[in-house]
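> predicted model and sequence below, questions to follow.
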Amino acid sequence: MDAFQLAEEIRLRFRQGDAKLPVLPEAVMEVRKIVNDEDRGAADIAKVVAKDSTLSTTVLRIANSARFRAGGAEIRNLPMAIQRLGGRRTLQLLTAISSQVHLAVKNRQLQGVLRDCTRHALLVATAAQHLARLTRTVDPEEAFLGGMLFDVGVSAIICAVPDEIIKCAPEEQTVILKQLHREMGGRLLTYWEMPDAFISLASHHGVEADDRPRENLIDLIDAVQFMLDSTGHSLPFDDVPEGIDALHYPPMRRLSVNETHLAAVEVELEDGVAELEQIFSQIG
(Lines give C-alpha, C1' and ligand atoms only; values in the text may rest on other atoms or scores of the structure.)
Protein backbone atom coordinates (compact mmCIF):
# COMPACT_ATOMS: atom_id res chain seq x y z
CA MET A 1 0.00 0.00 0.00
CA ASP A 2 1.51 3.35 -1.05
CA ALA A 3 1.13 6.62 0.83
CA PHE A 4 -1.94 7.73 -1.10
CA GLN A 5 -3.70 4.40 -0.54
CA LEU A 6 -2.83 4.49 3.16
CA ALA A 7 -4.21 8.03 3.45
CA GLU A 8 -7.51 6.81 2.06
CA GLU A 9 -7.45 3.86 4.47
CA ILE A 10 -6.97 6.27 7.37
CA ARG A 11 -9.89 8.37 6.15
CA LEU A 12 -12.03 5.26 6.06
CA ARG A 13 -11.05 4.33 9.61
CA PHE A 14 -12.17 7.74 10.85
CA ARG A 15 -15.45 7.58 8.94
CA GLN A 16 -16.23 4.14 10.34
CA GLY A 17 -15.29 5.13 13.88
CA ASP A 18 -12.31 2.75 14.12
CA ALA A 19 -9.96 5.69 14.73
CA LYS A 20 -10.76 8.07 17.57
CA LEU A 21 -9.93 11.76 17.66
CA PRO A 22 -7.90 12.95 20.67
CA VAL A 23 -10.03 14.34 23.50
CA LEU A 24 -9.40 17.53 25.41
CA PRO A 25 -8.14 17.27 29.00
CA GLU A 26 -10.88 17.16 31.62
CA ALA A 27 -9.81 20.57 32.94
CA VAL A 28 -10.48 22.18 29.57
CA MET A 29 -13.93 20.62 29.40
CA GLU A 30 -14.71 21.95 32.90
CA VAL A 31 -13.52 25.43 31.96
CA ARG A 32 -15.85 25.36 28.95
CA LYS A 33 -18.80 24.77 31.27
CA ILE A 34 -17.73 27.66 33.49
CA VAL A 35 -17.27 30.05 30.57
CA ASN A 36 -20.82 29.29 29.44
CA ASP A 37 -22.19 29.96 32.95
CA GLU A 38 -22.83 33.67 33.57
CA ASP A 39 -22.75 33.17 37.34
CA ARG A 40 -19.14 31.94 37.39
CA GLY A 41 -15.88 33.70 36.61
CA ALA A 42 -12.07 33.83 36.73
CA ALA A 43 -11.78 32.41 40.25
CA ASP A 44 -13.83 29.35 39.27
CA ILE A 45 -11.71 28.83 36.16
CA ALA A 46 -8.54 29.15 38.22
CA LYS A 47 -9.66 26.43 40.64
CA VAL A 48 -10.14 24.00 37.76
CA VAL A 49 -6.96 24.89 35.86
CA ALA A 50 -4.89 24.65 39.07
CA LYS A 51 -5.62 20.91 39.17
CA ASP A 52 -3.61 20.43 35.95
CA SER A 53 -0.02 21.48 36.64
CA THR A 54 0.94 21.65 32.97
CA LEU A 55 -1.97 23.89 32.01
CA SER A 56 -1.72 26.13 35.07
CA THR A 57 2.02 26.70 34.72
CA THR A 58 1.77 27.40 31.00
CA VAL A 59 -1.18 29.79 31.33
CA LEU A 60 0.70 31.78 33.97
CA ARG A 61 3.85 31.95 31.87
CA ILE A 62 2.00 32.96 28.71
CA ALA A 63 -0.03 35.61 30.57
CA ASN A 64 3.31 37.14 31.62
CA SER A 65 4.92 36.78 28.20
CA ALA A 66 5.43 39.60 25.73
CA ARG A 67 2.63 38.09 23.66
CA PHE A 68 -0.05 38.97 26.22
CA ARG A 69 1.49 41.16 28.92
CA ALA A 70 1.36 44.37 26.86
CA GLY A 71 3.35 46.40 29.38
CA GLY A 72 1.31 45.33 32.40
CA ALA A 73 2.76 44.30 35.74
CA GLU A 74 3.94 40.74 36.30
CA ILE A 75 1.18 38.43 37.51
CA ARG A 76 2.03 35.90 40.20
CA ASN A 77 -1.23 34.01 40.65
CA LEU A 78 -3.55 32.09 38.37
CA PRO A 79 -6.82 34.01 39.03
CA MET A 80 -5.16 37.29 38.02
CA ALA A 81 -3.66 35.68 34.92
CA ILE A 82 -7.07 34.41 33.86
CA GLN A 83 -8.63 37.79 34.60
CA ARG A 84 -6.03 39.42 32.33
CA LEU A 85 -6.72 36.97 29.51
CA GLY A 86 -10.50 36.78 29.96
CA GLY A 87 -12.53 33.61 30.37
CA ARG A 88 -13.24 32.85 26.72
CA ARG A 89 -9.71 33.69 25.63
CA THR A 90 -8.37 31.49 28.43
CA LEU A 91 -10.51 28.62 27.15
CA GLN A 92 -9.16 29.05 23.63
CA LEU A 93 -5.61 29.31 24.96
CA LEU A 94 -6.06 26.13 27.01
CA THR A 95 -7.20 24.37 23.85
CA ALA A 96 -4.14 25.63 21.95
CA ILE A 97 -1.82 24.54 24.76
CA SER A 98 -3.48 21.12 24.85
CA SER A 99 -2.96 20.73 21.11
CA GLN A 100 0.78 21.09 21.67
CA VAL A 101 1.51 19.40 25.01
CA HIS A 102 -1.33 16.97 25.76
CA LEU A 103 -1.31 15.14 22.43
CA ALA A 104 1.44 12.55 22.78
CA VAL A 105 2.65 9.23 21.38
CA LYS A 106 5.12 6.62 22.64
CA ASN A 107 7.18 6.26 19.48
CA ARG A 108 10.30 8.46 19.56
CA GLN A 109 10.33 9.22 15.88
CA LEU A 110 6.72 10.43 16.00
CA GLN A 111 7.53 12.40 19.16
CA GLY A 112 10.12 14.20 17.06
CA VAL A 113 7.51 15.02 14.40
CA LEU A 114 5.21 16.47 17.07
CA ARG A 115 8.05 18.54 18.53
CA ASP A 116 8.84 19.93 15.08
CA CYS A 117 5.16 20.82 14.66
CA THR A 118 5.18 22.67 17.97
CA ARG A 119 8.30 24.64 17.02
CA HIS A 120 6.71 25.64 13.73
CA ALA A 121 3.42 26.55 15.42
CA LEU A 122 5.29 28.87 17.79
CA LEU A 123 7.01 30.57 14.85
CA VAL A 124 3.71 31.06 13.03
CA ALA A 125 1.90 32.22 16.18
CA THR A 126 4.58 34.80 16.98
CA ALA A 127 4.72 36.16 13.44
CA ALA A 128 0.94 36.13 12.99
CA GLN A 129 0.33 38.07 16.18
CA HIS A 130 2.80 40.78 15.21
CA LEU A 131 1.56 41.03 11.62
CA ALA A 132 -2.02 41.32 12.93
CA ARG A 133 -0.97 44.25 15.12
CA LEU A 134 0.66 45.98 12.16
CA THR A 135 -2.13 45.45 9.61
CA ARG A 136 -5.05 45.69 12.08
CA THR A 137 -6.92 43.06 10.09
CA VAL A 138 -7.27 40.41 12.83
CA ASP A 139 -7.38 40.56 16.61
CA PRO A 140 -3.71 39.91 17.57
CA GLU A 141 -4.58 37.35 20.25
CA GLU A 142 -6.85 35.49 17.81
CA ALA A 143 -3.95 35.52 15.33
CA PHE A 144 -1.66 34.01 17.98
CA LEU A 145 -4.15 31.24 18.72
CA GLY A 146 -4.66 30.64 15.01
CA GLY A 147 -0.93 30.10 14.62
CA MET A 148 -1.00 27.58 17.44
CA LEU A 149 -3.95 25.66 16.01
CA PHE A 150 -3.84 25.84 12.21
CA ASP A 151 -1.81 22.62 11.78
CA VAL A 152 -3.45 20.66 14.62
CA GLY A 153 -4.61 18.05 12.11
CA VAL A 154 -1.06 16.68 12.02
CA SER A 155 -1.19 15.89 15.74
CA ALA A 156 -4.71 14.51 15.39
CA ILE A 157 -3.60 11.97 12.79
CA ILE A 158 -0.40 10.94 14.56
CA CYS A 159 -2.16 10.45 17.90
CA ALA A 160 -5.18 8.66 16.42
CA VAL A 161 -3.38 6.17 14.14
CA PRO A 162 0.28 6.06 15.27
CA ASP A 163 0.77 2.41 14.27
CA GLU A 164 -0.23 3.12 10.67
CA ILE A 165 1.99 6.20 10.45
CA ILE A 166 5.08 4.61 11.97
CA LYS A 167 5.02 1.80 9.38
CA CYS A 168 5.82 4.37 6.70
CA ALA A 169 9.17 5.84 5.79
CA PRO A 170 9.53 9.53 6.81
CA GLU A 171 8.93 10.76 3.26
CA GLU A 172 5.73 8.69 3.03
CA GLN A 173 4.62 10.06 6.41
CA THR A 174 4.99 13.56 5.03
CA VAL A 175 2.86 12.72 1.99
CA ILE A 176 0.09 11.28 4.18
CA LEU A 177 0.11 14.15 6.64
CA LYS A 178 0.11 16.72 3.83
CA GLN A 179 -2.91 15.01 2.31
CA LEU A 180 -4.94 14.70 5.49
CA HIS A 181 -3.96 17.43 7.94
CA ARG A 182 -6.50 20.04 6.80
CA GLU A 183 -9.38 17.60 6.77
CA MET A 184 -8.47 16.15 10.16
CA GLY A 185 -7.67 19.56 11.64
CA GLY A 186 -11.13 20.80 10.78
CA ARG A 187 -12.64 17.58 12.08
CA LEU A 188 -10.74 17.81 15.37
CA LEU A 189 -11.55 21.47 16.05
CA THR A 190 -15.21 20.78 15.26
CA TYR A 191 -15.09 17.90 17.74
CA TRP A 192 -13.51 20.24 20.29
CA GLU A 193 -16.28 22.81 19.61
CA MET A 194 -13.90 25.60 18.69
CA PRO A 195 -15.19 28.79 17.02
CA ASP A 196 -15.90 28.59 13.29
CA ALA A 197 -12.98 30.91 12.46
CA PHE A 198 -10.45 28.37 13.74
CA ILE A 199 -12.22 25.44 12.08
CA SER A 200 -12.14 27.28 8.74
CA LEU A 201 -8.47 28.08 9.25
CA ALA A 202 -7.50 24.48 9.94
CA SER A 203 -9.58 23.26 6.99
CA HIS A 204 -8.61 25.80 4.32
CA HIS A 205 -5.18 27.29 5.06
CA GLY A 206 -2.58 27.06 2.33
CA VAL A 207 -4.97 26.50 -0.58
CA GLU A 208 -6.29 29.11 -3.00
CA ALA A 209 -9.60 27.63 -4.17
CA ASP A 210 -13.11 28.73 -5.06
CA ASP A 211 -14.53 27.23 -1.86
CA ARG A 212 -11.93 28.89 0.38
CA PRO A 213 -13.63 31.25 2.85
CA ARG A 214 -12.49 34.84 2.42
CA GLU A 215 -11.50 35.30 6.03
CA ASN A 216 -8.67 37.52 7.22
CA LEU A 217 -7.40 34.95 9.72
CA ILE A 218 -6.74 32.42 6.95
CA ASP A 219 -5.03 35.05 4.81
CA LEU A 220 -2.92 36.12 7.78
CA ILE A 221 -1.62 32.62 8.50
CA ASP A 222 -0.96 32.00 4.80
CA ALA A 223 0.92 35.31 4.54
CA VAL A 224 3.07 34.34 7.51
CA GLN A 225 3.75 30.89 6.05
CA PHE A 226 4.84 32.48 2.76
CA MET A 227 7.11 34.90 4.62
CA LEU A 228 8.66 32.11 6.70
CA ASP A 229 9.31 30.01 3.59
CA SER A 230 10.92 32.95 1.79
CA THR A 231 13.24 33.60 4.75
CA GLY A 232 14.54 30.04 4.93
CA HIS A 233 12.17 28.39 7.41
CA SER A 234 10.89 25.06 6.14
CA LEU A 235 7.14 24.46 6.17
CA PRO A 236 6.53 20.92 7.48
CA PHE A 237 3.22 20.11 5.78
CA ASP A 238 2.24 23.01 3.53
CA ASP A 239 3.53 24.31 0.21
CA VAL A 240 3.63 27.88 -1.06
CA PRO A 241 3.70 29.01 -4.72
CA GLU A 242 7.12 29.36 -6.28
CA GLY A 243 8.31 32.20 -8.47
CA ILE A 244 6.00 34.84 -7.03
CA ASP A 245 6.98 38.01 -5.20
CA ALA A 246 5.74 38.15 -1.61
CA LEU A 247 3.75 41.34 -2.12
CA HIS A 248 1.95 39.78 -5.10
CA TYR A 249 0.91 36.68 -3.16
CA PRO A 250 -2.93 36.89 -2.99
CA PRO A 251 -3.25 36.66 0.82
CA MET A 252 -0.63 39.41 1.17
CA ARG A 253 -2.48 41.64 -1.28
CA ARG A 254 -5.84 41.07 0.42
CA LEU A 255 -4.33 42.15 3.75
CA SER A 256 -2.44 45.11 2.17
CA VAL A 257 0.85 43.82 3.59
CA ASN A 258 3.87 45.91 2.61
CA GLU A 259 7.65 45.57 2.84
CA THR A 260 7.78 47.51 6.10
CA HIS A 261 5.36 45.03 7.69
CA LEU A 262 7.44 42.06 6.56
CA ALA A 263 10.69 43.57 7.81
CA ALA A 264 9.13 44.31 11.20
CA VAL A 265 7.81 40.76 11.53
CA GLU A 266 11.26 39.32 10.77
CA VAL A 267 12.73 41.42 13.58
CA GLU A 268 9.95 40.30 15.93
CA LEU A 269 10.67 36.66 15.10
CA GLU A 270 14.32 37.08 16.05
CA ASP A 271 13.45 38.76 19.35
CA GLY A 272 10.15 37.17 20.32
CA VAL A 273 9.94 33.48 19.49
CA ALA A 274 12.71 32.47 21.89
CA GLU A 275 10.51 33.35 24.87
CA LEU A 276 7.74 31.02 23.72
CA GLU A 277 10.18 28.24 22.89
CA GLN A 278 11.53 28.51 26.43
CA ILE A 279 8.03 28.32 27.90
CA PHE A 280 7.15 25.19 25.95
CA SER A 281 10.54 23.56 26.50
CA GLN A 282 9.86 23.59 30.25
CA ILE A 283 6.59 21.65 30.04
CA GLY A 284 5.39 18.32 28.84
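Cool, the structure landed. No experiment lies behind these values; they were computed from the predicted model shown.
> secondary structure element for V31?
Secondary structure assigned from DSSP states H and E places V31 in helix 26-35.
> who touches that helix?
40-41, 44-45, 48-49, 51-52, 55, 87-88, 90-91, 94-95, 98, 193 (CB atoms under 8 Å, 6 or more residues apart in numbering). (Each C-beta comes from the backbone N, C-alpha and C, glycine too.)
> and M148, which of the three is it?
helix (DSSP: H, G, I helix; E, B strand; the rest coil).
> helix or strand for the closest residue to it other than its chain neighbours, which one?
In space, and not counting its chain neighbours, M148 is closest to A96: 3.8 Å by CB to CB, 6 or more residues apart in numbering. According to DSSP H and E, A96 maps onto helix 87-101.
> next, the buried residues of the helix or strand following that helix.
Downstream of helix 87-101, the next assigned helix or strand under DSSP H and E is helix 108-135. Neighbour-count burial for helix 108-135, with 16 or more other CB atoms under 10 Å as criterion, is recorded at 110, 113-114, 117-135.
> what angle separates helix 108-135 from helix 87-101?
Here helix 108-135 points in a direction 140 degrees away from that of helix 87-101 (axes from the mean of the first three to the mean of the last three CA atoms, to 10 degrees).
> okay, now the domains of the chain?
3-17+105-281, 23-102 (automatic domain parsing).
> rank the ones you listed by pLDDT, which is bottom?
Note on the domains of the chain: domain 23-102 shows the lowest mean pLDDT, a mean of 87.
> quote the end-to-end distance of that one.
One end of domain 23-102 sits 9 Å from the other (CA to CA, to the nearest Å).
> so how far is that domain from its chain's centroid?
In terms of CA atoms, centre = their mean, to the nearest Å, the centre of domain 23-102 is found 16 Å from the chain centre.
> quick revisit: please identify the buried residues of the helix holding A96?
Quick answer for helix 87-101 (16+ other CB under 10 Å): 87, 89-101.
> now stretch 195-214
Buried residues in stretch 195-214 (16+ other CB under 10 Å): 197-206, 212.
> kindly report the same for stretch 72-83.
75, 78-83.
> and for stretch 177-197?
177-189, 192, 194, 197.
> what does it rub up against?
3-4, 7, 10-11, 14, 21-22, 24, 32, 92, 95, 142, 146, 149-154, 156-158, 160, 165, 198-200, 202-207, 215, 217, 236-239.
> just the buried residues of the residues you listed.
Using 16+ other CB under 10 Å, the buried members of the contacts of stretch 177-197 are 3, 7, 10, 14, 21-22, 24, 32, 92, 95, 142, 146, 149-154, 156-158, 160, 165, 198-200, 202-206, 217, 236-238.
> which of these fall in helices?
Per DSSP state H, helices hold the following members of these: 3, 7, 10, 14, 32, 92, 95, 142, 146, 149, 152-154, 156-158, 160, 165, 198-200, 202-204, 217.
> S99 contacts M148, correct?
Yes - between S99 and M148 there is a contact at 6.7 Å, judged by CB atoms under 8 Å.
> what's the burial count for F280?
For F280, the neighbour count with other CB atoms under 10 Å is 19.
> for it, which three-state class applies?
Strictly by three-state DSSP, F280 counts as helix.
> now do the contacts for it.
58, 100-101, 118, 122.
> let's see it at 10 Å
Taking CB atoms under 10 Å, 6 or more residues apart in numbering, we find F280 in contact with 58, 61-62, 97, 100-101, 115, 118-119, 121-122.
> how about a markdown table for these, with distance to V273 added?
Shown next, in a markdown table, are these (distance: CB to CB, whole Å):
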| residue | distance to V273 |
| --- | --- |
| T58 | 16 |
| R61 | 15 |
| I62 | 13 |
| I97 | 16 |
| Q100 | 14 |
| V101 | 17 |
| R115 | 15 |
| T118 | 12 |
| R119 | 9 |
| A121 | 11 |
| L122 | 6 |
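> nearest to A223, of the residues you listed?
A121 (16.1 Å; CB to CB).
> how many residues are close by the residue lying closest to the closest one once chain neighbours are set aside?
Computed as CB to CB, 6+ apart, the closest residue to A121 that is not its neighbour in sequence is M148, at 5.2 Å. Counted with other CB under 10 Å, the neighbours of M148 add up to 24.
> for E275, give its distance to F150.
To F150, E275 is 20 Å away according to CB to CB, to the nearest Å.
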